[in-house]
Structures are given as C-alpha cells and as structure tokens.
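*Asks:* model this:
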Amino acid sequence: MIAYTPLWQTLKNKGVSTYALINKHGVSSSTINRLRHNQGVTLQTIDDLCVILKCKVEDIVEHIPE
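*Replies:* Below is the predicted model of the structure:
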C-alpha cells in the first residue's frame, strides 16, 4: 500500500499548510483529498510536491507492505 503519511510531517516541518498548497502553489483541493485518503496520484503530482517543498520523494510517500 502507498501512504502519504510522510507528506503531512514534511508540511508541518516546513511550515506549509494545505491552504498554501492550494492557493499559492496551485495544487487542487481534490488532489489534497486524494492524498489525505491515500488514493493514487500521478508521479507528476509527486514531482510537483517535491519541487514545492524542496524535498525527496521519501519525504512525501512511503510503501507499506500488506
């Protein structure tokens, strides 16, 4: 299973809110909702988040074996 648990900690550590992702960086609210519910997003979205947050992929997503 893919989980976005690291994303929420990275946002907190960087002082970035989901409000800022939506309004300042153009991330859609539906994308935020998909991330909150550990649903699939594109690699482009992951790349965009890495650029916005200046972080690595592992700071956003983790794989949890089922």
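
*Asks:* ranges for the helices of the protein?
*Replies:* 5-14, 18-23, 29-36, 43-53 (DSSP state H).

*Asks:* and the first one, what's buried?
*Replies:* Of the residues in helix 5-14, those scored as buried under the neighbour-count criterion (16 or more other C-beta atoms under 10 Å) are 6, 7, 10, 11. Every C-beta, even on glycine, is put in place using the N, C-alpha and C of the backbone.

*Asks:* now tabulate those residues in CSV and tack on distance to residue 39.
*Replies:* Listed next are those as CSV, based on distance: C-beta to C-beta, whole Å:
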residue, distance to residue 39
6, 16
7, 13
10, 18
11, 18
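
*Asks:* re earlier: switch the helices of the chain over to a markdown table; also include distance to residue 66.
*Replies:* A markdown table is the format used below for those (distance: least, C-beta to C-beta, whole Å):
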| stretch | distance to residue 66 |
| --- | --- |
| helix 5-14 | 15 |
| helix 18-23 | 27 |
| helix 29-36 | 19 |
| helix 43-53 | 21 |
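
*Asks:* to residue 62, which of those lies closest?
*Replies:* helix 5-14 (5.5 Å; C-beta to C-beta).

*Asks:* from the chain's centre, how far out does that closest one sit?
*Replies:* 8 Å (C-alpha atoms, centre = their mean, to the nearest Å).
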